[in-house]
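K.L.:
Structure here, sequence nowhere to be found:
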C-alpha cells in the first residue's frame, strides 16, 4: 500500500514536534511537507526547530525544507499545529484548496459545520464534512480535535455517559507546562508555584465537552444538556494534565458499576485497530496514589485517559482523578487518530 | 506585663520550627521550654534541629536545651507540634498535669469534648473546656486547631455561611510539600510530578469543617449539616495550599453579594486585635491569575485566606480559588491565635 | 536632611522591581521618577508592571506615572535596569545631560573610562569619573556594577587577594532563573533540567573580575594579571547564584589562614556604615551542606557573599562554594551601594 | 543458547528497579531470583516494590517471589544493588559460595584485589579475579562498578588519557536526585534549591578515578598519578548527572585534536558488540547549550557519556561539560556491561 502524503503546518512548535515524532514511522502516512512561519521558512527542519523532545529528530525529517504555510504543499492531508493567532484563515485556505485539514487549533472548533472529533465518542459527527464542503464550497475540509483537557475529560466521561447518562460535571484541572507551547510559561512564574488560571481554558472545556457529546440532528450538532463547570490551573509538571472530576449521573449506579463501565470501555478505534488507537482508551488504576503524570502519562503510548481514585462524592455522585498526555492524546495524537479513522473508512481510497 | 511562659512540644520538626520563629518576639508569650523526641533531648536547640526556614534560628532560643516531652516543663502553656504517632497520650499527660495544651496534631480533634478552634468562627466552642476538665478530671485542657487545608477552607466559607448559609462544598486541594513535614515528600515523587492523594486528608477536611461550623448544644457540638466533598493532591510547591472550591448556598446571592461578604469579613480576633490576628482574615484578589502560593502565601503574615477568581459555578452556585499558608495560619499560627484568644479573654489573669 | 531625588530606568523589569523595593524606604534617596519602554509609558506603575516579588508594590510608588526614558526626569540620579539591547545610548544621553547614572547593564562596563565599582574592593576606581567627564564632555557620568556572578565571586576573592594574592581562579556557576529577567527562561527548558550555558556570561566573569581587581594607573585601569576560567550553568533555582570556586594563591596560606581572612573581611562600606552595606560582606558557614540558595540567599539582606565548604584543592590550592543573591547584591543592591558610596563621600553636598 | 540465570540483590530499590527493567528482555541473562531486605521477603515483587520508573513492571518479573539475600538463590550470577549499609558482608557471602557478584555498592570498590571495572577502559583489571579467589579462598568473586559520577567522568577522560595523557582534573558535579535512591532527597531540601554537598561523593570520585585508570602491576593496581579534585552538588533534576570538567594534559593538543579524540573513541565493548554497550561510548555535541539532562541523558540507551562545550581553559588546558545517566551507565547498566564482558570472554562457557 502506498502511504498517504501528509504535511505539518506549524511544524516547529511544541505540538508540531510531536506530529513529526509520531509521523516519522507511521504505517499509513508519510511526511512530505513541513510548513511554519515565515521566520523559519527556507531552512531545513533541523536548522529551524528548537527541538525539545527527549528522542532525537527523526533522520528522514531533519533535512526536509521548511516551507511557508501556503496551499501548494505536496500532500493531500495537513495536520495543523498552528498557533491560534494565525490558524483560522490559513486552515480555511488549505481546506478551500482541497486539503483534508486535521487541526489542533481552537479557531474552528465551535463552527457549526466543523466537528470536534473523538473517534471513540462521536464518529458520526464526520457527516458534517459533507455539509461543510457544500456550504463553504470547499474541495477539502477541516476536522478539529478538542482542547487537551477536554479530550482527556471526554474519554473518561464516555463510558459513564453511555451506561448511566451524565447530568453534571465539576472539574478542576492541574495542567502541565508543555500545554502552553514554547517558550510558554516563564520559569519565574511556575517554579515552586501554581497559577490558578489559564486564559480561555475553562470556557473551552465547558463548551467543547457539550459539543463532543452532542447529537447530530438536522445537519447540526445539538449540544449535550449536561452542565459542565471547570476551574483550570497550571502546575510545575512537564507533560500530562491531571483533572479532579465529580459527576452527577442520570441513572443510579454502584461504585462497582462505575468501575466496570470504565474498565470495559472500548469503541470504534479499538475495533478498527487504528494504528494510533490505545488498546485501552481508559486505563483504570486501583492504587490509592495514582494516576501520576511522571509515571502514568505515557501509558498506552500516551493515547489513553488514566483514571484513578474512583469513589463516591457526597455532593454529586462519584468522583475520580484522571490524567491525559496533553501533547499526545491531547493534541498531535488526537489529530492523527482522527485522520486514521477517515483513512480506515476508505476516505482516500 | 509579665509574659506568659510557654513550651513547645515537637520543637524540632517543620511546624515546631514555625512555633519557634513566631514565638521568638511574641509580645505576650515567652518560650521557656522546648521538648522533642528522646533522640534530640539533651542537646541545645541549635544542635538538635535541622533548621529549614529562611530566617536564622532566633538567638534567644538557639541555646535552650531540648528536653523530653514530659510534664515537668517550666511553663503553663504548651504548643504541640508533635507527630500524630505520639501526640495523643503525651498531650493528655500534659493536660492532666495542668498545662493548657494548644495542639496542631489530629489526635484529639474529633473528641467530643475538645474544640477545633478558629477564633474568627467558633469562639463559643471554648465552653467545651470546662466540660473536658470535669469529665476527664484534668487540671489543664486541650484545644486543637484544624488541619491546614481545613482552616484555609473554613476561613473562606465563614462569611458565606454567616451571610447566606452553606449547603454543600466541593473542594480540590493542591497542597505544598511543607505540609508533610521533614523529610516528608521524597523529591523523586514530586519533582515535575503531582500526587493525587494525601493519606487521611480528605476525611479530615470533610469532618473537621462540619465540626468547626457546628453548634454547641447540650454540652456537645452538633456538626453543621453542610455536605463537604474533598479531593486532595500534592504539588511541587514549598509553602501554601491552594484549593479550588465550589459552593451551594442556602439563600440566593449575587456575585457582588459574595464578593462584598468576603471583602468585609472580620470577626472577634480582629476586634480584639490579637497579636497574630490578620487585619483582614480574608484577602480578596480581583486579578484573574491570583492567588499564587509564591506571591500571596505570606500576605497578612501568612494568617489570612487569600481568595481569588470568584465567579458563578454552573453546577453549584459559586466557585473560587483560595490559598492559605499551611505552616502559618494552617498550623503554628493557628495554635498561637487560639492561645491569644484565651489570653485576651483573661484566662491567665 | 533632604533626600536625593532618584529615578529608575527600566523600572518594570525584574531588576527594576528590586530597585523599587529597595528604594521605597531608603533613608537617603527618594524615588521621584520611573521610566520604562514606550509600551509602559503613560500608565501608572501599578498598571504597567507585572510585579513578581513576594512583597506588595510599595504604596507610594504604585501610583507614580511611568515615563519614557528621556533625560527630562525630575531627579539627579538614575538607576538603570535597562535591557542591554537599549541601555547603551540611553545611559549616555542621561550622563551627557548631567545625571549620575548607576547602571546594572553590561554595555559600558568594559569602557576604559567607566568603573565597575564594588565599594568594598575598588573605591579608588571612582577617579575615572573625572576622566570620563572630561573626555566625553559630559556633565554627568556613568558608574556600572558588575555582572551578578562576577560581584558574588569578587567579594569572596577580595580578602584572599588582599591577604595572599590570587594567581588563578576556576569557577563553575549554577545560576538562578531570576538572573535571566522576565519572561526569561522558559519553564520547558528548566523544569527537572539544567542548561550548561548562559550566553556571554563566562566572558563577563573572566573579563570583569580582572577589571574589578585592576590597578588605576595613568588614568586607566590595568587589569589584574590573575587568570580566570568560568563555566556557567542555569539551574531550577529562583534566586541566588551558587558558584564552585578553586583558587591558586601567590603566597602560601593554611586552611585556617584562609578562613580567618574570609571571616574577618570588612572594608570601606562597612566603615562608612552605608545604608545598604552588609554588616559582614562575607558570611562564612562551617556546616558541610551550606550555602544553599533557599536558606542563605537573603542573609545580610542579600548583600553578602555566603562562603562555605572551604577546603584544600589538590589541583589548585583551595576550593569553596559561594552564593550571592543575584538581584540584590548581584544587581539592584549593587548599584544602590555604589550610589551610597558617592553620597557618603559628599558628592551631592 | 541457554540464558544464564541471574539474581538481583536489593531488587526493590531505585537501582534494583533499573536492573529489573534492563534484564527483563536481556538476550544472554534471565532473572531467576530476586532478593531484598527481610521486610520485603515473602511477597511477590509487585507487592514488595514501590515502582518508580515510567515503564511498567515487566510481567515476567512482577510475580517472582522476593527472597532473603542469602546464597541459596537459583542462579550463578548476582547483581547487587544493595545499600552500602548491608552490602559488604552479604556480597562476600555470595562470592564465597561461588556466585559471580557484580556490585554497584561502594563497599569493596577500594579493596586491593577487587576491580572497579569499566569495560572500555580497564578490562585487564579482571585479572584480579584470580588473585581475589586465591587470597580469599572464594569459589566466586566480586567485580564492582564505579560510583555514578566517576563512571561518567572516566568515560570522558578515557580517550584523552589514551591520546594525550592526563595530568590533572578539576570537576564540579550537578547530580540528579535519583542518585540518592528512594526516599532519598527530601523535596523540602531540593525544590527551588541546590545542595552543595553529597556525603562521601568527592572522595569517591577522586580515589576511584585514579584506580580505574591505574596499572595492574605485580598483582595489584597502581593508581594513576593524575590529580583529581572534585566538588559535588545536588540539583533538582530527576535523572542525569552533569559535570563541569577542566583538564590539564601531559602532551600538547589542539582543540580539534581533543574533539577528534572524543568523537572517534571506541573500545572493547564496541568491538565485542556487547548487548548493553553504547554504539558510541562518547556522544560529542557541538550545540552551545548541550548536554542537558532532560534531553540527552538517554542517548545511546543511557550508556554513553555525552560531552559538550569543549573549549580551551585558561587555567588548565581544556574544559567541557559532560552528562551521564546515573542509574543506567552510572549504576545498573554499568554492572550489566561488566557481566556481559565476562560472558563474551567465555567465562561461563
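P.N.:
All right, it came through fine. Here the structure is a predicted model, which means the values were calculated and not measured.

K.L.:
Enumerate every residue touching the closest residue in space to residue A:279 that isn't next to it in sequence.
P.N.:
Spatial nearest neighbour of residue A:279, chain neighbours left out: residue A:300 (6.3 Å); criterion: Cβ to Cβ, 6 or more residues apart in numbering or on different chains. The way it works is simple: take the backbone N, C-alpha and C, and place the C-beta from them, glycine included. The neighbourhood of residue A:300, defined by Cβ atoms under 8 Å, 6 or more residues apart in numbering or on different chains, consists of A:278-281, A:283.

K.L.:
Repeat that for residue A:327.
P.N.:
By Cβ under 8 Å, 6+ apart, residue A:327 lies in contact with A:14-15, A:18, A:148, A:178-179, A:239, A:333.

K.L.:
Could you pull up phi and psi at it?
P.N.:
phi -100, psi -10 (degrees, to the nearest 10).

K.L.:
In which helix or strand does the residue lying closest to it once chain neighbours are set aside reside?
P.N.:
Excluding its sequence neighbours, the residue lying closest to residue A:327 (Cβ to Cβ, 6+ apart) is residue A:18, at 4.7 Å. Using DSSP states H and E, residue A:18 sits in helix A:14-23.

K.L.:
Who are the packing partners of that helix?
P.N.:
strand A:4-9, strand A:29-35, helix A:333-344 (3 or more Cβ pairs under 8 Å, 6 or more residues apart in numbering or on different chains; DSSP states H and E).

K.L.:
among the ones you listed, which is nearest chain C?
P.N.:
Proximity to chain C (Cβ to the nearest Cβ) singles out helix A:333-344 among the helices and strands packed on helix A:14-23, at 18.7 Å.

K.L.:
average pLDDT across the closest one?
P.N.:
Average pLDDT, helix A:333-344: 98.

K.L.:
How about stretch A:306-318?
P.N.:
Mean predicted confidence for stretch A:306-318 is 98.

K.L.:
And for stretch A:271-289?
P.N.:
Averaged across stretch A:271-289, pLDDT comes to 97.

K.L.:
what's the spacing between that stretch and its chain's center?
P.N.:
Computed by Cα atoms, centre = their mean, to the nearest Å, the chain-centroid distance of stretch A:271-289 equals 15 Å.

K.L.:
Okay, buried residues for it please.
P.N.:
Buried residues in stretch A:271-289, counted by 16 or more other Cβ atoms under 10 Å in any protein chain shown: A:272, A:274-278, A:280-285, A:289.

K.L.:
can you check stretch A:30-37 too?
P.N.:
Those would be A:31-37, for stretch A:30-37 by 16+ other Cβ under 10 Å.

K.L.:
Now for these: which two are most distant?
P.N.:
The distance between the two most remote of the buried residues of stretch A:30-37 (Cβ to Cβ) is 19.7 Å, for A:32 and A:37.

K.L.:
Point me to the residue of the stretch 1-150 of chain A nearest chain C.
P.N.:
When scored by Cβ to the nearest Cβ, the stretch 1-150 of chain A has residue A:52 as its residue closest to chain C, at 5.9 Å.

K.L.:
How about the contacts made by the residue in the stretch 151-300 of chain A positioned nearest to chain D?
P.N.:
At 4.2 Å from chain D, residue A:192 is the closest residue in the stretch 151-300 of chain A, using Cβ to the nearest Cβ. Applying Cβ under 8 Å, 6+ apart, we find residue A:192 in contact with A:236, B:236-238, B:293-294, C:238, D:191-192.

K.L.:
Try it again at 6 Å.
P.N.:
B:237-238, B:294, D:191-192 (Cβ atoms under 6 Å, 6 or more residues apart in numbering or on different chains).

K.L.:
separation between it and residue C:332?
P.N.:
With distances taken as Cβ to Cβ, to the nearest Å, residue A:192 is found 22 Å from residue C:332.

K.L.:
Residue most distant from the centroid, chain A?
P.N.:
Distance from the centre of chain A peaks at residue A:314, with 31.4 Å (Cα atoms, centre = their mean).

K.L.:
So for residue A:50, what's the nearest residue that isn't a sequence neighbour?
P.N.:
Excluding the flanking residues, the one nearest residue A:50 by Cβ to Cβ, 6+ apart is residue A:182, at 6.9 Å.

K.L.:
quick one: the one you found from residue A:12, how far?
P.N.:
In terms of Cβ to Cβ, residue A:182 sits 9 Å off from residue A:12.

K.L.:
just residue A:265 next, same as before
P.N.:
36 Å.

K.L.:
What of residue A:5?
P.N.:
Distance, residue A:5 to residue A:12, using Cβ to Cβ: 20 Å.

K.L.:
Repeat that for residue A:27.
P.N.:
Relative to residue A:12, residue A:27 is positioned 25 Å away (Cβ to Cβ).

K.L.:
The two: who's more crowded?
P.N.:
Neighbour count, other Cβ atoms under 10 Å in any protein chain shown: between residue A:27 and residue A:12, residue A:12 has more, with 23 against 10.

K.L.:
Next, the more buried one: phi, psi?
P.N.:
The phi/psi pair for residue A:12 (degrees, to the nearest 10) reads phi -90, psi -10.

K.L.:
residues in contact with it?
P.N.:
Counted by Cβ under 6 Å, 6+ apart, residue A:12 has contacts A:36, A:40, A:48-49.

K.L.:
Residue numbers of the stretch 151-300 of chain A in contact with chain B?
P.N.:
A:168, A:170, A:172, A:174, A:192-197, A:227, A:229, A:231, A:235-238, A:242, A:244, A:246, A:288-289, A:292-294 (Cβ under 6 Å from any Cβ of the partner chain).
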